[in-house]
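1. Build me a structure from this.
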Amino acid sequence: MKNRCIDAGNSPGSESARAEPSLPRLFFSFLKLGISAFGGPAAIAHIRTMAVEKEKWVDKESFREGMALCQTIPGATGMQVCAYVGLKLRGVPGALACYLGFILPAFLLMLGLSALYASFDAVPLVAALFGSLRALIVALMAYGAWSFGKSYLKRWEDFSIAAVAAALFWFGLGPVWVIAISAALGLILKRTSPQARKSARPGSRPSVPAALWIAIGAALVFLIIFFLVDRKLLDLSLLMMKVDFFAYGGGFGSVPLMLHEVVDLRHWMSPHTFMDGIALGQVTPGPIVITSTFVGYLLQGPWGAAVASASIFFPSFVLVILISPFFAKLNALRLFRSAIDGVLCSFVGLMLSVALRMGFAVSWDLPRALVAGAAFAALMLRVDVLWVILGGVGLSLFIR
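-> Next comes the predicted model:
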């Protein structure tokens, strides 16, 4: 795929003064971003600053279109925006270079933290610290539900879908069925105005890049190897792909799905251990779905961590590349938007149910209540989540 880079600083009709970036430059540029990409979706602002304002690799309109695409399809939004920028610049290889560069620091740090956790979680001080951090994670999930609600719940239909989703998930229905029912409710209840959507731009019929078929083929080969060598790795890989494929609304959307699959269905770990993984995921850069590295490590060691991490990012990477050429036409369809709106509303209810469930799993006392309350208040005041987590650690050590 060949694209012209548009220099927003030039006058209309002028050519870009900048050369197309090389794959190594894309990789290391996004690697530097990945080192400081704390706060999940907040990293998107830094991606925009680099790609649009500083390097002028893509123009503002293209970046806005990429944001709309990444917010519509499942997966971690920040990761998908990286892939979109790389795709516009250098096709599938560029998307892969940006994707890998951005997530590599988070993966390596989470791998190290998971190894330390596996070795020292029984130490009394560490156990007490994580006991307090679980209360902080409840506050984090409650804030996530509130933040999602503020973004997606505007009318009574939205609140109704969120309430139905929360009730269905609370009483044991699997999240995939909850999402499907919410999409159907969106089609029935919501009335998205077609005038609010841009119509598709005319153009030649897009084709799927050959490099993408190669990537999909390689993934299938690995799944066959896992089937022949280690069925646990196969189960882990398929599970993480499933989580990513249905995680609408960004990385936080993966938490209810992963909790249901890992804790409820397979009983691979306790709710407490899963919450510890989320806590570690919040002190690493990158999206919250890096918790998959923690899950994979505790189950299958370093190989499990690598397989889980690759699997949880692969479906959304493929979706960005597959849907990008068709997105303008899809986004102009009223039924498509109504169904997606219903799905996004459902994740407010799913996260609220998870917050309540995690709350019941915490052994509450006054110090833990103080940690949770302070964390929620800080998040409401828009304090960066990294400082909230680090502050929670300090407060936990002080009042334990």
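2. what sits against Ser316?
-> Neighbour list for Ser316: 73-76, 79-80, 244-245, 247 [criterion: Cβ atoms under 8 Å, 6 or more residues apart in numbering]. All C-beta spots, glycine's among them, are computed from the backbone N, C-alpha and C.
3. mind running it again at 10 Å?
-> Ser316 sits next to 70, 73-77, 79-80, 83, 99, 241, 244-245, 247, 251, 289 when contact means Cβ atoms under 10 Å, 6 or more residues apart in numbering.
4. Secondary structure element holding it?
-> Using DSSP states H and E, the element containing Ser316 is helix 291-323.
5. Now for Ile103: which residues touch it?
-> Contacts of Ile103 (Cβ under 10 Å, 6+ apart): 30-31, 34, 37, 76, 78-79, 82, 110, 285-287, 289-290, 293, 309-310, 312-313.
6. one step back: can you tell me which of the contacts of Ser316 comes closest to Leu185?
-> The shortest approach to Leu185 among the contacts of Ser316 belongs to Pro74, at 18.1 Å (Cβ to Cβ).
7. wait, that closest one sits on Ile179?
-> Yes. The criterion here is Cβ atoms under 10 Å, and Pro74 meets it with Ile179 at 9.3 Å.
8. Output the below-cut-off pLDDT ranges for the stretch 51-200 of the chain.
-> In the predicted model of the stretch 51-200 of the chain, residues 121-128, 191-200 satisfy pLDDT under 70.
9. circling back: tell me which of the contacts of Ser316 fall in helices.
-> 70, 77, 79-80, 83, 99, 241, 244-245 (DSSP state H).
10. Show me what counts as buried in whichever helix or strand comes after the helix holding Ser316.
-> Counting by DSSP H and E, the next helix or strand C-terminal to helix 291-323 is helix 327-331. For helix 327-331, the neighbour count (16 or more other Cβ atoms under 10 Å) marks 327-328, 330-331 as buried.
11. after helix 327-331 comes which helix or strand?
-> Where DSSP H and E defines the elements, the next helix or strand beyond helix 327-331 is helix 334-361.
12. What helices and strands are in contact with that next one?
-> When contacts are defined as 3 or more Cβ pairs under 10 Å, 6 or more residues apart in numbering; DSSP states H and E, helix 334-361 packs onto helix 60-72, helix 124-152, helix 156-170, helix 175-189, helix 254-259, helix 271-282, helix 327-331.
13. which element follows it toward the C-terminus?
-> Proceeding C-terminally, helix 334-361 gives way to helix 366-380 as the next helix or strand, assigned by DSSP H and E.
14. got the buried residues for that following helix?
-> Under the neighbour-count criterion of 16+ other Cβ under 10 Å, helix 366-380 has 367-368, 371-372, 374-376, 378-379 buried.
15. ok, now stretch 141-152?
-> For stretch 141-152, the neighbour count (16+ other Cβ under 10 Å) marks 141-149, 152 as buried.
16. Would you convert the buried residues of helix 366-380 into TSV that also reports pLDDT and distance to Ala118?
-> TSV is the format used below for the buried residues of helix 366-380 (pLDDT from 0 to 100; distance: Cβ to Cβ, whole Å):
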residue	pLDDT	distance to Ala118
Pro367	80	26
Arg368	82	24
Val371	82	24
Ala372	86	26
Ala374	86	29
Ala375	85	26
Phe376	88	30
Ala378	87	30
Leu379	82	29
